[in-house]
Every structure is written in C-alpha cells, then in structure tokens.
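**Q** Structure for this input, please:
(one chain, ligands or ions: 1)
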Amino acid sequence: MSAAPARLDGEALTAQLQALPHWRHAPDRGGLIVREFVFADFVAAFGFMAQAALHAERMNHHPEWFNVYNRVQVTLTTHDANGLSAKDIEMAGLMDRLATALGARAPASST
Ligand SMILES: C[C@H](O)[C@H](O)[C@H]1CNC2=NC(N)=NC(=O)C2=N1
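**A** You can find the predicted model right below:
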C-alpha cells in the first residue's frame, strides 16, 4: 500500500502555482486547482481528453472534468491528500502542454 502523496501547502504550493498561471486555486475540499480549456471544436476537445486520460491512467491520478462542445473544465485535487499534491502540479503542466499542442486557445488574459 503506497503512502498517501504529501499534501502541498504554504510557500511550497505558492511557488508551484506561479508556474501555472492559467489555473485558479480554490480552497474547496482542502485545495484544488481549476482551468477551462477552449478548443476549435468538439473533436479537438475530446481528443485532448482522450490523450490526457492515458496520462492520468499512467500516473494513477485522475482529473475531475466537464466537457461541453469545445470546452473542457478541469479540476485537479488529490483525494488521498485531501488537497493538492505534486501529482496535481505535474498533471496541470502536462495538460497545459498537451492543450497547446492541440491548438487550445490562449485564455483571456486575466487582468
Ligand atoms: C487507490 C488509488 O491509488 C487512488 O484512488 C488514486 C487514484 N486516482 C486518484 N486521482 C486523484 N485525483 N486523486 C487521488 O487521490 C487518486 N488516488
């Protein structure tokens, strides 16, 4: 039985989140991060989900996500840590790179 992943908190978490500017940190349920990806169409959005799913299974770390047409809303948290862990940071970065490669639109710059 592998130990629960270490929960990220405080300055360590803040530093990690600075590299993920498109993700919103919410304190819900101990801590989670959320991002919406917007693609050209449904097929591109689903292609993103299909590829991300393979990484999620390989990492044994599964997103909570919602898809409607060309949009995919992703919430990442680590249930076993009741908050955020390195796995969420790794998955978020992976999703950002994958979405960019698949032509996701840059998010509206948050002012
Ligand atoms: C038993 C198995 O390792 C756990 O349930 C894994 C599976 N996928 C997971 N996914 C996420 N997001 N958080 C977890 O804590 C988690 N735990």
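
**Q** what's the residue closest to the geometric middle of this structure?
**A** Ala92 (3.6 Å; Cα atoms, centre = their mean).

**Q** helix, strand or coil for the closest residue to that residue other than its chain neighbours?
**A** Nearest non-adjacent residue to Ala92, counting by Cβ to Cβ, 6 or more residues apart in numbering: Leu20, 5.1 Å away. Any C-beta I mention is one placed from the backbone N, CA and C, and that applies to glycine too. Under the three-state scheme (DSSP: H, G, I helix; E, B strand; the rest coil), Leu20 adopts coil.

**Q** Against which helices or strands is the helix or strand Ile33 falls within packed?
**A** Secondary structure from DSSP states H and E places Ile33 in strand 32-38. The contact analysis (3 or more Cβ pairs under 8 Å, 6 or more residues apart in numbering; DSSP states H and E) places strand 32-38 against strand 24-26, strand 71-76, helix 86-101.

**Q** got those as CSV, with distance to the ligand columns?
**A** Shown next, in CSV, are these (distance: least, Cβ to the nearest ligand atom, whole Å):
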stretch, distance to the ligand
strand 24-26, 15
strand 71-76, 7
helix 86-101, 7
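
**Q** Can you redo these as TSV, where the extra columns are mean pLDDT?
**A** Output for the helices and strands packed on strand 32-38, formatted as TSV (pLDDT from 0 to 100):
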stretch	mean pLDDT
strand 24-26	97
strand 71-76	98
helix 86-101	98
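
**Q** Export these to CSV and append columns for distance to Arg58.
**A** What follows is the helices and strands packed on strand 32-38, written out as CSV (distance: least, Cβ to Cβ, whole Å):
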stretch, distance to Arg58
strand 24-26, 25
strand 71-76, 16
helix 86-101, 10
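
**Q** Ala104 and Phe37 touch, don't they?
**A** Yes - counting by Cβ atoms under 8 Å, Ala104 touches Phe37, with 4.9 Å between them.

**Q** Thanks again, I'm all set now.
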